[in-house]
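**Student:** Here's a sequence, model it:
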Amino acid sequence: MKEKVTAFFAGAAIVGSATLASAHFQMVYTPEMAMVKGGKVPVKLVFTHPFEAGHTMNMGKPEQFYVVRSRGENAPKKTDLLETLQPFTWTSLTNSGDAWETTYQARGGDHIFCLVPEPYWEEGDGFYIKQNTKVIVNVGGEPGAWMEPVGLPTEIVPLAKPYDRWTGNVFQGKVLVDGKPVPGAEVEIEYMNHKPLLDKNAFAKDGEVEAPQDAFVLQTIFADDNGMFTFGIPRAGWWGFAALDLDPEYTYKDKKCSRDAVIWIQAKDMK
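**Tutor:** Here you go, the predicted model:
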C-alpha cells in the first residue's frame, strides 16, 4: 500500500508540474480554415494564452516551418516556409511579445502548416517547452490527406476532418510520438476567446465568453490506450488541442523539455 501511495503522489507531482506550463499555447493562426477559393493566406505564429488573451511569450526563430499540400490522389508536396518568416510584435491584454508571420499562396486541396518552434525557457517552472503545432487549411472543398501523419516528432493526427466541424459535432485525434501512439496522453483544450485582430497584431479586448471558474479556461481530457481522444464542440470558433510532455526523457541544453503536440480546428454554427 505504501508503494502505491508513493507512486500516486509522484505521478501527481509530474502532472502538476506539466499543468503549470500548460496554459501556454502555440498558435499558428489564419482567419479561415475552409476557404471557398484560393488566394493569399496570412499566417501568424504566436506563443500565448488564447482564452484569456494573456501573457505572450517571446518566440525565437522556429527550427522548422513548412506546409504540406495534398490534392486528390496526387502525392503530397512539402514546401519549406522558414525563410519567408518575418519577425513582428503581438500584443495581448497584458504585454507584447516577439512573434513571426508570413503570407502563403493557397490553391485547391489541403495545406498542412507545420511548426517546430525553438524551445521556450519557462523560468517559473524550470524547464523548456516545445510545442510542435499543426493547422490544416482547405481550399475549395477539394479532398486532401488531412488524416495522414506528416512526420513531426510529436503530432496529433486528426481522425475527424478539422475544417468541416459544425458546432455540436465531435473532434477526434490520435496522439503520436515518433510515429507511435501514446496511451493515456494528457490533452488540454483551449478556446480562442479573444478574436485576433490582424490589422493591429493584437487580441480584441473583449472576450466572447466568461469562464465560470478557472478550470473552464483550460479543459483536460486523456487519450485512450490507443492514443485516441474525443471532444464535443460546444461553440463555433477556434479550438486548440495540446498533448503534453509526450517524451518525458527529452532534454534541451541539459534541461528538461516538455515535448508537446498541438493542433487547431475551426467550428462553424449551422445556420
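
**Student:** Assess the claim that residue 149 and residue 179 are in contact.
**Tutor:** Yes - using C-beta atoms under 8 Å, residue 149 is in contact with residue 179, at 6.5 Å. Backbone N, C-alpha and C define where each C-beta goes, glycine included.

**Student:** Spatially nearest residue to residue 196 (excluding sequence neighbours)?
**Tutor:** Once flanking residues are discounted, residue 196 sits nearest to residue 29: 5.6 Å by C-beta to C-beta, 6 or more residues apart in numbering.

**Student:** for residue 211, same thing?
**Tutor:** Nearest non-adjacent residue to residue 211 (C-beta to C-beta, 6+ apart): residue 217, at 4.9 Å.

**Student:** Partner strands of the helix or strand hosting residue 98, with direction?
**Tutor:** Taking DSSP states H and E as the criterion, residue 98 maps to strand 96-106. Strand pairing for strand 96-106, determined by DSSP bridges: strand 39-48 (antiparallel), strand 86-91 (antiparallel).

**Student:** List the neighbours of the first one that are in contact with it.
**Tutor:** To tie it back to what came earlier, the one meant is strand 39-48. Here strand 39-48 makes contact (C-beta atoms under 8 Å, 6 or more residues apart in numbering) with 24-31, 35, 54-59, 62, 65, 85, 90, 92, 97, 99-106, 111, 113, 115, 117, 120, 131, 137, 196, 198, 201.

**Student:** Quick check: mean pLDDT of the helix or strand just after that strand?
**Tutor:** From strand 39-48 onward toward the C-terminus, using DSSP H and E, the following helix or strand is strand 64-70. What strand 64-70 shows for mean pLDDT is 98.

**Student:** bridging residues for the residue nearest to residue 201 when sequence neighbours are not counted?
**Tutor:** Counting by C-beta to C-beta, 6+ apart, residue 90 is the residue found nearest to residue 201 once chain neighbours are left out, at 5.5 Å. In this structure, residue 90 bridges to residue 97 when assessed by DSSP bridges.

**Student:** Next up, phi/psi of residue 214, please.
**Tutor:** When quoted as degrees, to the nearest 10, the phi and psi of residue 214 stand at phi -60, psi -30.

**Student:** which residue ranges form the strands in the stretch 51-200 of the chain?
**Tutor:** With DSSP state E, counting those that start in this stretch as the criterion, the stretch 51-200 of the chain has strands at 64-70, 77-80, 86-91, 96-106, 109-116, 120-122, 127-139, 154-158, 165-166, 170-177, 180-181, 186-191, 196-197.

**Student:** Rebuild the ones you listed as TSV, extending it with mean neighbour count.
**Tutor:** TSV is the format used below for the strands of the stretch 51-200 of the chain (neighbours: other C-beta atoms under 10 Å):
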stretch	mean neighbour count
strand 64-70	20
strand 77-80	11
strand 86-91	15
strand 96-106	17
strand 109-116	24
strand 120-122	18
strand 127-139	24
strand 154-158	24
strand 165-166	16
strand 170-177	20
strand 180-181	12
strand 186-191	22
strand 196-197	16
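
**Student:** Out of those, which is closest to residue 212?
**Tutor:** Residue 212 sits nearest to strand 186-191 of all those, at 13.5 Å, using C-beta to C-beta.

**Student:** just how off-centre is that closest one within its chain?
**Tutor:** Between the centre of strand 186-191 and the centre of its chain there are 9 Å (C-alpha atoms, centre = their mean, to the nearest Å).
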